[in-house]
Each structure stands twice: as C-alpha cells, then as structure tokens.
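1. Just to be clear, the model below is a prediction. Sequence and coordinates:
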Amino acid sequence: MTKKDLNNWIMYHEIHHLNRLGFSNRKIATFLGLNTRTVAKYLNMDESAYEQHLLRSVQKSKLLDPYEDFVHGRLSQYPDTSAAQIHDWLKEAHPLLPPVSSRTVYNFVMYIRQKHGIPYQPPVRDYFPIEELPYGEQAQVDFGEYNLRQPSGKRKKIYFFVIVLSRSRMKYVYFENKPFTAETVCKAHENSFKFYGGIPKTIVYDQDRTMVVDENLGDIILTDTFRRYTKSQSFNLHFCRKADPESKGKVENVVQYVKKNFLYNRVYSDIETLNTEAGAWLARTANNVPHNRTKKSPESEFVIEKEQLKPYTPVIIQNNDPNMYIVRKDNTVNYKSNFYTLPQGTYKASGINVLLEEKDGDLKIFNTKHELIATHKLCLLQGELITNTNHKRDTSLKLDELLKQASEKFTDHNSAMEYFLRIKKHLPRYTRDHIQAITKSLSGTSTDIADKTLAYCQTKNILNGNEWARILQVFASENTQQDQSIQEELLLLDKNNSEKASQTPKTSNIDDYEKLVNL
C-alpha cells in the first residue's frame with residue numbers, strides 16, 4: 001500500500017468515526033476540509049465499495065500517459081534509475097513536456113514499475129581478489145548472537161566474540177550469556193591474545209557500540225575503557241564504514257561458520273561448558289580442517305604466523321566508563337540503543353542524570369541519591385521504546401484534587417464534576433488518564449468551547465478522554481472558521497474612513513416631506 005492509499009483510508013475511517021460520534025455531514029466536512037457531497041458519498045460506502053472506488057481512481061488516465069513507452073524503455077534498460085533522473089530525462093528528450101511536480105513523476109514511475117514488473121535494482125558492487133596480507137599483519141573481529149535450546153526445551157540467547165587472523169585464518173571464539181560491554185570486549189581480546197600467544201599489528205572492527213561512542217566526520221570516538229585498553233596493548237585499529245560487511249569478509253564468514261557448524265542443534269547447559277566445548281571445536285575442526293581457498297589448515301599456517309605476532313603481556317582491565325546517563329526532555333533515557341521511560345517530571349532541566357544497573361534481566365534506574373525510580377525488563381533489540389503506562393501519569397495530585405481542578409475550567413463546576421464522576425464509575429482504573437487527557441485538550445481553549453464540548457459529551461454519553469479531545473477539536477475548528485469569516489467581512493471597510501462608523505446620521509423633519517408632497 002502506498003502512502004497516498006494509506007492517507008485515503010485514514011480519511012475514510014475518520015469520516016465514519018466522526019459520524020459515529022454524532023456529528024452532521026456539514027460539521028464533518030468543515031472539520032476535514034471536504035465537500036459535504038464527498039462526506040455523504042463516503043458514508044454510503046462500505047470498505048469493499050471504497051476499495052473499488054480507489055482502484056477505479058488509479059486506473060484513470062494520467063498526465064504522463066503519452067510518455068509511458070519512454071519511461072518503460074529507460075527503466076527496462078536501467079532498473080536502478082531514480083524517479084528524479086527519469087524526470088530530467090523526460091525534460092531533456094521532450095522539450096514540450098507539460099510542467100509536472102516531482103511527486104507526479106515519482107507516482108508515474110512507481111506505476112510503470114508495478115505495471116511492467118520492474119523492481120528497483122541497486123547497482124552491483126564489483127569485487128576483485130585481494131592479495132594475501134603478510135603474516136602477523138591483521139586480524140578481524142566481529143560479534144554474533146544465537147538462541148540455543150536448553151534441556152528444559154526453553155531457548156537461551158548467547159552472545160559471542162569472534163577473531164580470525166587474516167593470513168593463517170586461525171580462529172578464536174568466546175561466549176557470554178549476556179550482551180557484551182566495553183569491559184567484556186576487552187576481556188575477550190585478552191583471552192584471544194593469550195590463545196594466540198601474541199598480538200597482530202592491526203585489528204579490523206565494525207563500529208560497535210561497546211567500542212565506539214560516535215563518528216565525527218570519519219574520526220572515531222572510542223569508549224573510555226576500550227581506548228585505554230588499546231593503548232595498553234598498542235595495536236592499531238581499523239573501523240569499517242557503516243553497513244559495509246564486505247570489508248571484513250573473513251570474519252563475517254567465521255560468524256556464520258560458528259552458527260552453522262558449532263552452535264546448530266547444540267544444547268546449552270551453562271556458559272563455562274559452552275566455552276570449553278568451543279575450545280575443543282576449534283582444535284578438532286575450525287582450525288584443523290584445510291581452508292577452502294588456501295587449501296591449508298589454519299593450524300599449520302599459524303605455526304608461521306605466530307612468529308610474526310607482537311609479544312603479548314597480560315594487562316588488568318579497568319572499567320572507567322561512568323554508569324551515569326542523561327535524562328532526555330521526553331522523560332526517557334537512552335541505554336544500549338533503546339529508550340526507557342521515566343516517571344513524568346523526572347526531567348526538570350538539562351543535565352539531569354540517572355544511574356543504571358542491569359540485574360537478573362531487569363534494568364534498574366536510580367537517581368543520583370541512589371533511590372530507585374523505575375524498573376524495566378531489559379530489551380535485547382535495538383531502536384525500541386520500552387514504556388511503563390504509569391510513567392505517563394502525573395501522580396503529583398490526588399485524584400479528588402485532580403477532579404476538582406479540572407471541574408473549575410468550566411462555567412458550571414457541578415455539572416463538570418458530575419460528568420467526571422460518571423467517567424470514574426465507568427472506567428475506575430483509568431480515570432486519571434481520561435481526566436488528564438481532557439485537561440490537556442482544554443489548554444488554550446475558551447470557556448465557551450469547553451462548555452459546548454461538555455454539553456455535547458453529556459448528551460451523547462461519551463465517557464472517553466480521547467474522544468472528548470477530538471470533539472473539542474471539531475468545535476474549536478468551527479469557531480475559528482466563523483471568526484475568520486467575520487474578519488473577512490470587516491476587511492471590506494475603507495480603512496481611511498473607519499471613523500465614519502462611529503458617526504450618528506442626521507435625521508430629517510417629516511414636515512419638510514409633507515410640504516413637498518402637497519405642492
């Protein structure tokens with residue numbers, strides 16, 4: 001479904017929704033900016049009939065129909081062409097092309113793609129074989145995760161760190177039962193260097209959050225813990241461009257190898273056992289079987305490469321990253337690429353901080369006095385908003401006081417209180433939410449509009465804060481349009497002679513008219 005179709009369906013359902021709320025066709029048309037005949041027509045259509053109406057509108061003739069062969073030919077020859085490029089080609093090849101918007105061209109191009117089955121095909125990247133790097137020169141690092149079956153039948157998500165020496169293909173894998181942090185990433189490096197007995201000159205990475213804070217025009221900003229660790233072990237770092245896995249293809253293949261050869265159908269008991277089993281797998285298979293390209297086993301090649309690695313000296317890892325997080329304006333905190341809500345009012349000004357702690361699958365949030373203010377289930381995805389409905393509520397006022405303050409916004413306090421008590425009886429668990437929604441909608445609204453909305457909702461027995469806000473919008477819109485029409489009439493007056501409006505017209509004596517008539 002296109003965005004245009006979605007907007008049409010939203011309008012259709014909004015018309016029917018306002019109709020169910022009891023508004024006339026005229027008020028619906030005024031509020032939505034439609035013709036009353038259009039509103040009446042859509043109200044007489046069920047969803048099936050409206051869908052057929054949309055299909056017929058798509059099949060109407062288009063302004064660019066005469067150029068269909070041209071557009072079809074170009075798209076067939078160059079499927080990766082953008083609509084903007086097609087627009088330019090049309091203007092270049094057809095000087096008499098009527099003036100059309102870029103949106104019109106885009107819709108027509110999408111129509112041609114759909115009609116003739118020409119999907120967008122991104123340009124293909126050319127690849128060339130790369131010469132083998134010198135021994136000891138480079139290693140590549142990546143991370144993976146996998147759901148393992150437990151003896152109970154449940155699933156357990158595990159996380160792993162993989163490193164491979166680019167020349168010998170000698171591999172190492174390390175598992176954790178929770179997402180990696182900067183500290184455990186450093187620990188995984190230490191384990192791998194101990195396994196190899198040395199350190200490569202350069203290590204290639206993705207821009208992972210445990211190592212990289214941000215990228216500033218190509219300059220990588222590292223987390224404090226990882227930055228200190230890399231200095232202590234003195235190896236060079238190379239971070240790939242974002243969304244470019246091909247630049248570290250060796251380790252990408254190893255990640256899939258770990259999943260499909262070692263982890264597939266393996267039963268998980270505990271993380272220590274898994275790491276022990278992984279060590280045995282590395283020895284008998286991953287580093288023992290000849291590589292498909294080199295035709296040599298990583299183990300035999302590693303005998304040569306080990307001599308070229310830099311000496312390894314163990315270091316003590318200290319986590320210097322503060323666990324202090326900034327509260328955002330919308331009362332959320334950003335943690336591991338997810339947003340967790342905080343109680344309303346936590347944010348008071350810029351610079352408000354909270355402390356976070358992971359414990360038993362929960363994320364506990366404390367204020368700077370170490371007082372617990374919120375608890376959420378830890379989300380292992382990214383880009384999610386984890387909410388607590390109670391956080392949206394302003395609980396600073398008791399319910400009775402909230403009802404009293406809300407009723408004072410109306411001319412008839414008692415009538416408003418009676419209406420709010422009906423809401424409380426109908427929806428006792430969510431009374432505060434509905435009253436707050438009503439109070440919020442009244443911000444900047446005149447008392448006349450508030451009273452009118454109250455009377456309407458009482459008559460129609462509408463006991464929902466969101467529906468209330470929608471009805472108030474309709475009445476407010478109607479009032480605004482009336483004010484505009486009055487202003488338009490006032491504009492017809494001559495501004496230079498506006499003082500005449502305050503003058504009293506002279507009156508004539510009736511006797512003068514009688515004399516004229518009797519002449």
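-> Thanks, I have the structure now.
2. what about residue 361, how many neighbours?
-> Applying other C-beta atoms under 10 Å, we find 9 other residues in the vicinity of residue 361. (C-beta placed from N, C-alpha, C; glycine too.)
3. Would you mark the buried spots in stretch 18-38?
-> 18, 19, 21, 23, 25, 27, 28, 29, 30, 31, 32, 34 (16 or more other C-beta atoms under 10 Å).
4. Now do the contacts for the nearest residue to the second one once chain neighbours are set aside.
-> Closest residue to residue 19 in three dimensions, ignoring its sequence neighbours and counting by C-beta to C-beta, 6 or more residues apart in numbering: residue 43, at 5.8 Å. With contacts defined as C-beta atoms under 8 Å, 6 or more residues apart in numbering, the neighbours of residue 43 are 15, 16, 19, 25.
5. coming back round to it: so of the buried residues of stretch 18-38, which two are at opposite extremes in space?
-> Distances among the buried residues of stretch 18-38 were taken as C-beta to C-beta; the most separated pair is 21 and 34, at 16.3 Å.
6. For the protein, which segments are assigned as strands?
-> Using DSSP state E, the strands of the chain run over residues 138-149, 155-165, 171-176, 202-205, 212-216, 219-222, 236-239, 324-326, 332-335, 338-341, 353-359, 362-366, 372-377, 385-386.
7. what's the most buried one of those?
-> The highest mean neighbour count among these, using mean count of other C-beta atoms under 10 Å, belongs to strand 171-176: a mean of 23.
8. Relative to the whole chain's centre, how far out is it?
-> The gap between where strand 171-176 is centred and where its chain is centred comes out at 32 Å by C-alpha atoms, centre = their mean, to the nearest Å.
9. Over to stretch 342-353?
-> Taking mean C-alpha positions (C-alpha atoms, centre = their mean), stretch 342-353 and its chain are 22 Å apart.
10. tell me the mean pLDDT for it?
-> Here stretch 342-353 scores 73 as its mean pLDDT.
11. buried set for that stretch?
-> By neighbour count on 16+ other C-beta under 10 Å, the buried set for stretch 342-353 is 342, 343, 344, 346, 347, 352.
12. Figure out the length between the terminal residues of it.
-> Length of stretch 342-353, first residue to last, C-alpha to C-alpha, to the nearest Å: 12 Å.
13. got it, and stretch 97-104?
-> Using C-alpha to C-alpha, the gap from the first to the last residue of stretch 97-104 comes to 13 Å.
14. Quick one: distance of it to the chain centre.
-> Using C-alpha atoms, centre = their mean, the offset of stretch 97-104 from its chain centre is 32 Å.
15. Please apply the same query to stretch 252-261.
-> The chain centroid and the centroid of stretch 252-261 are separated by 30 Å, computed with C-alpha atoms, centre = their mean.
16. Same check on stretch 279-294?
-> Mean-position distance between stretch 279-294 and its chain equals 42 Å (C-alpha atoms, centre = their mean).
17. Give me the contacts around that stretch.
-> 169-173, 254, 257-258, 261-262, 296-299, 301-302.
18. Restricting to C-alpha, output it in PDB.
-> As requested, the backbone C-alpha atoms of stretch 279-294 are provided in PDB (Å, rounded to 0.1, in the frame of the first residue of the first chain):
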ATOM      1  CA  GLY A 279      37.800 -24.700  22.600                       C
ATOM      2  CA  ALA A 280      37.600 -28.400  21.600                       C
ATOM      3  CA  TRP A 281      35.700 -27.500  18.400                       C
ATOM      4  CA  LEU A 282      38.400 -25.000  17.400                       C
ATOM      5  CA  ALA A 283      41.100 -27.700  17.800                       C
ATOM      6  CA  ARG A 284      39.400 -30.500  16.000                       C
ATOM      7  CA  THR A 285      37.500 -28.700  13.200                       C
ATOM      8  CA  ALA A 286      37.700 -24.900  12.900                       C
ATOM      9  CA  ASN A 287      41.500 -24.600  12.900                       C
ATOM     10  CA  ASN A 288      42.200 -28.200  11.800                       C
ATOM     11  CA  VAL A 289      40.300 -28.600   8.500                       C
ATOM     12  CA  PRO A 290      42.000 -27.100   5.400                       C
ATOM     13  CA  HIS A 291      40.700 -23.800   4.300                       C
ATOM     14  CA  ASN A 292      38.700 -23.800   1.000                       C
ATOM     15  CA  ARG A 293      40.800 -21.100  -0.600                       C
ATOM     16  CA  THR A 294      44.300 -21.600   0.800                       C
END
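19. Residue 449 is in contact with residue 475, correct?
-> Yes. Here residue 475 lies in contact with residue 449, judged by C-beta atoms under 8 Å, at a distance of 5.3 Å.
20. Which one's more surrounded, the two?
-> residue 475 (21 against 17).
21. just to revisit the earlier point, and the two most separated of the contacts of residue 43?
-> With C-beta to C-beta as the measure, no two of these lie farther apart than 16 and 25, at 11.8 Å.
22. Leaving out chain neighbours, which residue sits closest to residue 118?
-> With sequence-adjacent residues excluded and distances taken as C-beta to C-beta, 6+ apart, residue 118 is closest to residue 75, at 4.8 Å.
23. okay, now residue 380: neighbour count?
-> Neighbour count of residue 380, defined by other C-beta under 10 Å: 14.
24. any idea how far residue 409 is from it?
-> In this structure, residue 380 lies at 45 Å from residue 409, with C-beta to C-beta, to the nearest Å as the measure.
25. Could you list the low-pLDDT ranges of this protein?
-> Filtered on pLDDT under 70, the chain yields the residue ranges 1-5, 57-61, 122-131, 207-223, 241-249, 318-324, 349-351, 389-397, 480-519.
26. how does it divide into domains?
-> The record's domain split for the chain, according to automatic domain parsing, is 3-116, 138-308, 324-392, 399-484.
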